[in-house]
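Enquirer: no sequence on this one, just coordinates:
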């Protein structure tokens, strides 16, 4: 199921059973500053120098995968947007963000467009189902499509190198590191909010993303633990979303959200394999890049390891981290375009 969906489901169960209150100032703190801190901490783990690990073919395949996700969001909005009314453009943007940059962008784009809590819970559940199905597909499709692709998968390297990336490294938390991460996080949030007040046409989340990515590239020592703290804070957000969710409201959404989500990924799949085939890329790079977009860095590594492509492990992780960096921008752009297109 994935930790995010388990946390969300438990929060919903406790709320609907009356064990925890339906509203609290604590929840406001989690969905407000704590979630902003999660965004900062996770983006601080992105190093653009990792793009050198990805290489040209993986970056090209990931670019095709991102474009395929955007196309899928438009097709889904055209096919099932009527079931969501004024929220269809929001769902398009949220799913674009998550199928380019993972849960980090799912949350950030959702906050920026004021995504309803009940739809958030339903979309999270649909996302987990469809992501799991697509992981299975990317394990099988390389076998079926290998003869249709002209290039061979890169020759295997030492499997021990598959996890030689800071994304998977242990990070002992020291008090000084936590202090730096807290201070830096709050400083960036204050700066982003101040600029957003001066330039209200651009959401604060985009300023926060931009400032954090810029700070993360400065030649300064990186405090350990930003990825771990960000992941923990993000799970607290999912718990609160679960608490806000009422089973009746989620059921009222119906299966349309699953159809919408599945359409995004189905169109993504057709276009990414077709586009990479036309671009002369190999089926392994295509599959890992697709999973880097839909599932994130860990999913890309899983596909590379399961298929015996250790040479694609680090490039896939690097592409997934690139998705963290660009998912907010692309997700919000698609949301605004769908809103303008649909009136």
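Expert: Arrived safely. Since the model is a prediction, treat every value here as computed from it, not as a measurement. Residues are numbered from 1 along each chain as shown.
Enquirer: pLDDT below threshold where in the chain?
Expert: Applying pLDDT under 70 to the chain flags the ranges 1-2, 50, 53, 151-169, 246, 248-250, 252-253.
Enquirer: The residue sitting nearest the centre point of it and residue 269: what is the separation?
Expert: Nearest to the mean C-alpha position of the chain, by C-alpha atoms, centre = their mean, lies residue 102 at 1.3 Å. Relative to residue 269, residue 102 is positioned 17 Å away (C-beta to C-beta, to the nearest Å). (C-beta placed from N, C-alpha, C; glycine too.)
Enquirer: helix/strand/coil for residue 200?
Expert: coil (DSSP: H, G, I helix; E, B strand; the rest coil).
Enquirer: Now do the strands in this structure.
Expert: Here the chain has no strands by DSSP state E.
Enquirer: Please work out how many residues are found near residue 133.
Expert: Residues lying near residue 133 (other C-beta atoms under 10 Å) number 13.
Enquirer: go on, residue 185?
Expert: The local packing of residue 185 (other C-beta under 10 Å) involves 25 other residues.
Enquirer: Likewise for residue 45?
Expert: Neighbour count for residue 45, taken as other C-beta under 10 Å: 22.
Enquirer: Surely it is in contact with residue 321?
Expert: Yes. Counting by C-beta atoms under 8 Å, residue 45 does reach residue 321; the two are 7.4 Å apart.
Enquirer: residue boundaries of the helices in the stretch 101-250 of the chain?
Expert: Using DSSP state H, counting those that start in this stretch, the helices of the stretch 101-250 of the chain run over residues 103-112, 117-145, 175-198, 204-216, 226-244, 247-253.
Enquirer: how much does the longest one deviate in direction from helix 226-244?
Expert: Relative orientation of helix 117-145 and helix 226-244, computed by axes from the mean of the first three to the mean of the last three C-alpha atoms, to 10 degrees: 120 degrees.
Enquirer: By neighbour count, which bits of helix 117-145 are buried? Give me those.
Expert: For helix 117-145, a neighbour-count test (16 or more other C-beta atoms under 10 Å) marks 117-128, 130-131, 134-135, 137-138, 141-142 as buried.
Enquirer: for the third one, same thing?
Expert: Of all the residues in helix 175-198, those buried under the rule 16+ other C-beta under 10 Å are 177, 180, 181, 184, 185, 188, 189, 191, 192, 195, 196.
Enquirer: Does the fourth one touch residue 40 like I think?
Expert: I take that to be residue 184. Yes. Residue 184 is in contact with residue 40 according to C-beta under 8 Å; the separation is 7.2 Å.
Enquirer: any idea how far residue 11 is from residue 22?
Expert: The spacing between residue 11 and residue 22, counted by C-beta to C-beta, is 11 Å.
Enquirer: higher neighbour count, the two?
Expert: The neighbour comparison of residue 11 against residue 22 (other C-beta under 10 Å) goes to residue 11, with 22 against 11.
Enquirer: List the contacts of the more buried one.
Expert: By C-beta atoms under 8 Å, 6 or more residues apart in numbering, residue 11 lies in contact with 20, 238, 239, 240, 241, 242, 243, 245.
Enquirer: go with 7 Å
Expert: Residues near residue 11 by C-beta atoms under 7 Å, 6 or more residues apart in numbering: 239, 240, 242, 243.
Enquirer: and what of residue 289?
Expert: Taking C-beta under 7 Å, 6+ apart, we find residue 289 in contact with 58, 61, 62, 65, 319.
Enquirer: Contact partners for the fourth one?
Expert: Each residue near residue 65 by C-beta under 7 Å, 6+ apart is listed here: 268, 272, 289, 290, 293.
Enquirer: Equivalent analysis for the last one, please.
Expert: By C-beta under 7 Å, 6+ apart, the contact list for residue 319 reads 54, 58, 59, 62, 289, 292, 300.
Enquirer: Name the nearest residue to residue 13, ignoring sequence neighbours.
Expert: residue 242 (7.8 Å; C-beta to C-beta, 6 or more residues apart in numbering).
Enquirer: Roughly how far does the one you found sit from residue 31?
Expert: Residue 242 sits 12 Å away from residue 31, taking C-beta to C-beta as the criterion.
Enquirer: do the same with residue 179
Expert: Counting by C-beta to C-beta, the separation of residue 179 from residue 31 is 24 Å.
Enquirer: what does residue 185 give?
Expert: Taking C-beta to C-beta, one finds residue 185 at 16 Å from residue 31.
Enquirer: circling back: and the contacts of residue 65, which two are furthest apart?
Expert: Farthest-apart pair in the contacts of residue 65 is 268 and 289; separation 11.1 Å (C-beta to C-beta).
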